[in-house]
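*Asks:* Could you work out the structure for the sequence below:
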Amino acid sequence: MNLSNIFSTLDSQIPIVALEVLSPEEATIIQWLTTTAQEKLTLPVYFWNLGVSALEQCLIAVDGGLVFKPVPDYKKPPLADPLIFVFDYINSFDGAGVFILGDVHPFIGKNSPQLSWDILTRVKNLYHRLKPTEKRIIFLGQNIELHESLVRLIPYCEVPLPLVEQIEEHLNSYLQYLLESAQEQEVQFTVSLAAEERETLARAALGLTLEEISDFLRLTVKERLSSNGIVIDATVTPLVVKYKTRLLAQMGIELGKPATIPFGGLDLLREWLQRRRRLFTQQARLLHLPQPKGVLLAGPPGTGKSIVAKNIATILNLPLLQLDIASMLGSLVGESEGNVRRALKTAQAIAPCILWIDEIEKALSGQGDTSGVSQRILGNILTFMSECTAGVFVVATCNDPSALPSELKRKGRFDELFFVDLPTEPERSQILSIHLQRFGITVEDEYLEAIAANTVKFSGAELETLAAEAALLAFDQGRPQQVTLGDLETCRNSITPLAVQDAAAVERMRDWAKAARPASSAIAVTTKSLKTARFRNLN
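*Replies:* Below you'll find the model as predicted:
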């Protein structure tokens, strides 16, 4: 069932439907349901939830706003269960109407600790008894997951996040409303946004609900109010990004910043990404070319998978979202899965984009999970990856691929599984150069080659540490930004690589890597001595 045909569903003698909506949009959706029910079904609309002391009729005021009017004959006895009473009231109601019941789903939800068999059976009874009547019920709420016995009875749909065209239309209408309000209060109100700037603002607001966009505009107006009036111009766009960033962070989604450090090496991965860059363009979509699904990057800790994930967004020229599944795990049954579904829905609204899931094995391995939450979250992610066609490119990083469920690793789930091994000798030289340049330090190529030859089991993170330690050593000795080969060799001897400390784990991962694609070209392994470098200025 889609939102557009919810009333044709109700009109076809299906008496109960479920509608999932994000909390900020509830009032807007109730208003839309009220207006549409009166137009298509010519039926009055009523609203009830546990926070309302009485049943209320929903009315549309002269100015188009929503008004709630208590129903006089709805009188719940003091000791009666409010939910059971409202169901009994609807069953015995002598008339017709659409009853919107908010936040009822925990009492009829799958695996919910609040599940009530009394309420569940009443819902099933109502479903059959309301069919021949003109009474209809809409369950409204967030994170709806119905009990198995209701899934085939009650059609379900979600209210999608607005598209860029809908946001732009809303911006135009709401700015006009603010302009008229300012004129009534004799406040100068200026909207200085060209057509292209309005579209840019709308795209920056993707992922927000229309009500959240309205909240942002009102907040901006209040903050910009001065003796010279209010000006809404292109400078509002970065403000909406900050506003969205804060809201998404509360949902466990971080808007990633562009990569500030390039990654060294990994030529095969880089080449693979460059070939897919054009698939996210409008030209590719018009040709109906398949959108890339994503990649799984697995490798020992510290090999630069996180830096690569950020750089992928730069290479593909797409916004970066980081999904923190651990922060989404709620205490209530079904809450975690609902949070993940909502985050995926947000990513789809912002698409095309990169969705980065860091250390995915920690959230989906299922170790110590007796409630099945990990499996249900995994199911949500797998369904999303197989069904999403909006251009969400999933980048999952993993330190231990053996802990991942086999469903996630099989061919076809991701476009490709890349093994990010410890860097090769040329890659180590390149990585060292990148990190030394961050401190404004330039070192002779032969020095870098010499150190690279003697850091065989160093990861990218350990090479970064080596560069930082050498820069600090030179600074302490009064030679800022003048790192010598001796400094690098001294610091190298003080670092014991993880691949040495836990060699068995690295070898196990390399065994798994036989089923994956290498991220770097293979080179012949050679060992050099420091004496092979034509170094100068040892101290």
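*Asks:* Would you map the helices across the stretch 51-200 of the chain?
*Replies:* 82-92, 117-130, 148-151, 164-184, 195-204 (DSSP state H, counting those that start in this stretch).
*Asks:* and what of the stretch 201-350 of the chain?
*Replies:* Going by DSSP H, counting those that start in this stretch, the stretch 201-350 of the chain shows helices at 210-224, 236-250, 267-276, 282-286, 305-316, 335-350.
*Asks:* Now distance to residue 148 and mean pLDDT too, for those helices, in TSV please.
*Replies:* Just so you know, the C-beta spots here come from the backbone N, C-alpha and C atoms, and that holds for glycine as well. Below are these laid out as TSV (distance: least, C-beta to C-beta, whole Å; pLDDT from 0 to 100):
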stretch	distance to residue 148	mean pLDDT
helix 210-224	33	92
helix 236-250	31	89
helix 267-276	40	90
helix 282-286	38	79
helix 305-316	38	87
helix 335-350	15	81
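*Asks:* Reformat those helices into JSON lines and put distance to residue 174 next to each item.
*Replies:* Listed next are the helices of the stretch 201-350 of the chain as JSON lines, based on distance: least, C-beta to C-beta, whole Å:
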{"stretch": "helix 210-224", "distance to residue 174": "6"}
{"stretch": "helix 236-250", "distance to residue 174": "13"}
{"stretch": "helix 267-276", "distance to residue 174": "38"}
{"stretch": "helix 282-286", "distance to residue 174": "28"}
{"stretch": "helix 305-316", "distance to residue 174": "31"}
{"stretch": "helix 335-350", "distance to residue 174": "19"}
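*Asks:* Tell me, what's the model's pLDDT at residue 260?
*Replies:* What the model reports as pLDDT for residue 260 is 73.
*Asks:* Roughly how far does it sit from residue 307?
*Replies:* Residue 260 sits at a distance of 9 Å from residue 307 (criterion: C-beta to C-beta, to the nearest Å).
*Asks:* related to what we said a few turns ago, now distance to residue 397 too, for the helices of the stretch 51-200 of the chain, in a markdown table please.
*Replies:* Below are those laid out as a markdown table (distance: least, C-beta to C-beta, whole Å):
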| stretch | distance to residue 397 |
| --- | --- |
| helix 82-92 | 45 |
| helix 117-130 | 42 |
| helix 148-151 | 35 |
| helix 164-184 | 30 |
| helix 195-204 | 27 |
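*Asks:* and those as JSON lines, adding mean neighbour count and mean pLDDT?
*Replies:* JSON lines is the format used below for the helices of the stretch 51-200 of the chain (neighbours: other C-beta atoms under 10 Å; pLDDT from 0 to 100):
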{"stretch": "helix 82-92", "mean neighbour count": "17", "mean pLDDT": "93"}
{"stretch": "helix 117-130", "mean neighbour count": "16", "mean pLDDT": "93"}
{"stretch": "helix 148-151", "mean neighbour count": "14", "mean pLDDT": "92"}
{"stretch": "helix 164-184", "mean neighbour count": "15", "mean pLDDT": "92"}
{"stretch": "helix 195-204", "mean neighbour count": "16", "mean pLDDT": "91"}
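*Asks:* which one of the helices of the stretch 201-350 of the chain lies closest to residue 158?
*Replies:* Evaluated with C-beta to C-beta, those place helix 335-350 nearest to residue 158, the distance being 7.1 Å.
*Asks:* List the strands paired with the helix or strand that that closest one is followed by, with their directions.
*Replies:* Using DSSP states H and E, the helix or strand that directly follows helix 335-350 along the chain is strand 353-357. Each strand paired with strand 353-357, and its direction, by DSSP bridges: strand 320-323 (parallel), strand 392-398 (parallel).
*Asks:* Which elements pack onto the helix or strand just after the last one?
*Replies:* Note on strand 392-398: by DSSP H and E, the next helix or strand toward the C-terminus is helix 406-409. With contacts taken as 3 or more C-beta pairs under 8 Å, 6 or more residues apart in numbering; DSSP states H and E, helix 406-409 sits against helix 373-387.
*Asks:* what about residue 223, neighbour count?
*Replies:* When counting by other C-beta atoms under 10 Å, one arrives at 10 neighbours for residue 223.
*Asks:* Can you show me the strands along the stretch 1-150 of the chain?
*Replies:* 16-20, 45-48, 56-60, 66-70, 97-102, 135-141 (DSSP state E, counting those that start in this stretch).
*Asks:* Could you dump those strands into a markdown table and include mean pLDDT?
*Replies:* Output for these, formatted as a markdown table (pLDDT from 0 to 100):
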| stretch | mean pLDDT |
| --- | --- |
| strand 16-20 | 95 |
| strand 45-48 | 96 |
| strand 56-60 | 94 |
| strand 66-70 | 94 |
| strand 97-102 | 96 |
| strand 135-141 | 95 |
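*Asks:* Residue 123 is nearest to which of those strands?
*Replies:* Between the strands of the stretch 1-150 of the chain, strand 16-20 lies closest to residue 123; by C-beta to C-beta that is 7.1 Å.
*Asks:* Tell me which residues are up against the closest one.
*Replies:* 1, 3, 6, 9-10, 29, 105, 123, 126-127, 130, 136-144, 146, 153-159 (C-beta atoms under 8 Å, 6 or more residues apart in numbering).
*Asks:* among the residues you listed, which ones are buried?
*Replies:* Among the contacts of strand 16-20, the ones that count as buried by 16 or more other C-beta atoms under 10 Å are 1, 6, 9-10, 29, 105, 123, 126-127, 130, 136-144, 146, 154-159.
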